[in-house]
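S.K.: Sequence and predicted structure are below.
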Amino acid sequence: MHEGRFIAAIDQGTTSSRCMIFDHDGEVVAVAQKEHAQHFPKPGWVEHDASEIWRNVQDVVAESLETASLAAADLAAIGITNQRETTVVWDRATGEPVANAIVWQDTRTDAIVRRLGEGDGVDWFRDRTGLTLATYFSGPKLVWLLENTPGLRERAGAGEVLFGTIDSWLVWNLTGGPDGGRHTTDVTNASRTLLMDLRELAWDEDILERLEIPRGMLPEIASSSEVYGTVAGLREGALEGVPVAGALGDQHAALFGQTAFDEGDLKSTYGTGAFLLLNTGDTPVASQHGLLSTLAFKLGDAPAQYALEGSIAVSGSLVQWFRDQLGAIDSASEIEALAASVDDNGGCYFVPAFSGLFAPHWRSDARGVIAGLTGYVTKAHIARAILEASAWQTRELIDAMVADTGIELHELRVDGGMTENSLLLQLLADALDVEVVRPHVVETTALGAAYAAGLAVGFWPDVDALRANWRADATWRPTVEPERREREYRQWKKAVDRALDWVD
């Protein structure tokens with residue numbers, strides 16, 4: 001075991017990169033964060049500069065160490081968690097990206113996805129990968145790059161370029177980059193590519209052939225908790241020699257940070273989007289109700305744990321839209337007081353299908369609507385409808401999970417930046433008719449990555465030690481009458497119907 005007294009986690013998200021340092025009790029010792037630019041070159045296109053992300057990661061690592069007055073020798077390991085599905089292709093020899101990263105929200109692959117879905121395509125891909133065919137996933141994004149970047153297919157065939165999601169990009173750079181960097185991904189991130197066999201945990205050769213993707217550009221698939229390599233060649237020697245020992249896609253990391261290790265455990269994360277994961281044990285469950293079968297985590301040589309996932313594309317980003325595009329509030333935190341200034345939504349419902357609807361609908365033709373507007377409605381009612389949108393979308397996913405598994409929900413553990421909003425959590429409790437519990441450490445995504453890395457190097461002996469760290473911060477209980485709950489849910493579903501069939 002490395003002798004450090006702390007664990008670091010790099011949390012590379014959709015809008016920013018963070019480094020958080022945790023002690024043995026899972027308490028935050030230091031945090032540094034830096035935003036990166038969002039690029040929207042065409043409607044429906046969303047890109048990031050992977051080189052900017054890598055520079056920012058180095059900045060926040062150095063800043064967090066400085067804040068805590070720590071050196072590399074104080075760290076037992078570093079873990080990584082990342083925005084999933086975002087796709088990077090880079091030059092093996094120089095480390096330079098060949099194009100901007102295509103972000104998970106990007107919908108440019110719509111035509112490719114439709115092409116893949118012809119005939120038996122939808123079922124063929126779902127049976128192998130557990131995923132529905134959607135623009136969300138990395139495989140079609142890679143196909144788009146191969147088809148639209150001059151000379152890239154030839155370079156890929158010659159072994160000159162590498163593909164990866166953000167975890168692969170960071171591990172490769174952390175462990176030496178062009179000078180011996182490890183090209184790897186963990187099972188959770190691999191399970192989001194549409195390229196991995198969900199049961200075999202290996203790249204599916206039939207899929208690679210159908211998509212015309214050269215096998216040599218893909219990373220090695222590893223577990224979520226093992227030593228991938230040690231840090232080498234980082235700016236100013238930061239983290240030199242520290243084991244890179246864990247990686248989980250952000251939603252899987254949040255599940256892990258919430259210590260949802262057992263079948264039936266459930267968490268929901270509210271950030272840019274919202275994501276529910278239900279641990280289904282060591283067997284994948286094929287959803288009949290619009291959910292995704294995915295990995296929960298895999299610890300070293302132990303059997304993989306699987307999950308059902310419901311993905312909501314727009315949650316916290318709807319509050320940002322209200323702030324930035326409409327100018328209705330000056331800061332995101334103001335929405336709580338504004339929404340709380342009215343007793344209800346005034347009859348209006350907001351369906352934020354800005355780039356289609358994810359689970360359980362999977363409708364790329366949907367677009368955002370505000371339904372039920374009358375002259376009575378104020379911006380306060382709209383603010384409340386914005387928060388309710390996250391609650392009703394969560395209700396749709398919970399209903400699908402119960403239908404798929406028969407597991408009844410008694411408690412929802414929540415995390416993510418939006419959970420600072422107490423009104424949102426009350427609205428969730430009211431919509432779901434269950435207790436909503438926020439943990440003491442709300443940034444469970446970074447904590448999950450730290451836990452995975454710490455287990456790999458013996459910093460924590462087993463998952464029971466992690467369970468002992470978890471404790472609740474606050475609980476919200478339902479307060480509305482059942483008749484009102486079901487009436488408003490019916491109205492929400494009518495509003496969803498109005499959002500469909502918008503794009504020809």
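M.R.: Nice, thanks for sending it over. Numbering: from 1, shown residues only.
S.K.: Now do the contacts for the closest residue to Leu239 other than its chain neighbours.
M.R.: Once flanking residues are discounted, Leu239 sits nearest to Val231: 4.1 Å by C-beta to C-beta, 6 or more residues apart in numbering. Using the backbone N, CA and C atoms, a C-beta is placed for each residue, glycine as well. With contact set as C-beta atoms under 8 Å, 6 or more residues apart in numbering, Val231 has these partners: Ala72, Ile78, Leu174, Thr175, Ala238, Leu239, Glu240, Gly241, Val242, Pro243, Val244.
S.K.: Out of those, which end up buried?
M.R.: Among the contacts of Val231, those classed as buried by 16 or more other C-beta atoms under 10 Å are Ala72, Ile78, Leu174, Thr175, Ala238, Leu239, Val242, Pro243, Val244.
S.K.: how about the strands in the stretch 51-200 of the chain?
M.R.: Using DSSP state E, counting those that start in this stretch, the strands of the stretch 51-200 of the chain run over 75-82, 87-91, 101-102, 161-165, 184-186, 196-197.
S.K.: on that earlier part again, quickly note the distance from the residue nearest to Leu239 to Ala62.
M.R.: 12 Å (C-beta to C-beta, to the nearest Å).
S.K.: Now do the shared contacts for those two.
M.R.: Taking C-beta under 8 Å, 6+ apart as the contact rule, Val231 and Ala62 both touch Ala238.
S.K.: Let me see the residues that make contact with stretch 484-503.
M.R.: 345, 349-351, 353, 357, 361, 363-369, 371-372, 388, 392, 395, 430-431, 433, 478.
S.K.: Helices - which of these land there?
M.R.: Glu388, Trp392, Arg395, Asp430, Ala431 (DSSP state H).
S.K.: shaky segments in this protein?
M.R.: Confidence mapping of the chain against pLDDT under 70 gives the ranges 1-3.
S.K.: Between the two ends of stretch 194-208, how far is it?
M.R.: One end of stretch 194-208 to the other measures 10 Å (C-alpha to C-alpha, to the nearest Å).
S.K.: repeat for stretch 133-151
M.R.: Across stretch 133-151, first to last residue, C-alpha to C-alpha, it's 27 Å.
S.K.: Please apply the same query to stretch 279-296.
M.R.: Taking C-alpha to C-alpha, the first and last residues of stretch 279-296 lie 6 Å apart.
S.K.: residues of it that come out buried?
M.R.: Those would be 279-280, 284-285, 287, 289-296, for stretch 279-296 by 16+ other C-beta under 10 Å.
S.K.: With stretch 368-385 instead?
M.R.: Buried residues in stretch 368-385, counted by 16+ other C-beta under 10 Å: Gly368, Val369, Ile370, Ala371, Gly372, Val377, Ala380, His381, Ile382, Ala383, Arg384, Ala385.
S.K.: neighbouring contacts of that stretch?
M.R.: By C-beta under 8 Å, 6+ apart, stretch 368-385 touches 314, 322, 328-329, 335, 338-342, 344-354, 491, 494-495, 498-499.
S.K.: Just give me how far that stretch sits from the chain centre.
M.R.: For stretch 368-385, the distance from its own C-alpha centre to the chain's C-alpha centre is 29 Å (C-alpha atoms, centre = their mean, to the nearest Å).
S.K.: Ok, stretch 258-271 next?
M.R.: With C-alpha atoms, centre = their mean, you get 13 Å for stretch 258-271.
S.K.: Now it: buried residues?
M.R.: Gln258, Thr259, Ala260, Phe261, Glu263, Asp265, Leu266, Lys267, Ser268, Thr269, Tyr270, Gly271.
S.K.: For the residue of the chain most remote from its centre, give me phi and psi.
M.R.: Computed with C-alpha atoms, centre = their mean, the residue of the chain farthest from its C-alpha average is Gly375, at 38.3 Å. For Gly375, the backbone dihedrals (degrees, to the nearest 10) come out as phi -60, psi -10.
S.K.: what do you get for the one 4 residues further on?
M.R.: With angles defined as degrees, to the nearest 10, Lys379 shows backbone torsions of phi -70, psi -20.
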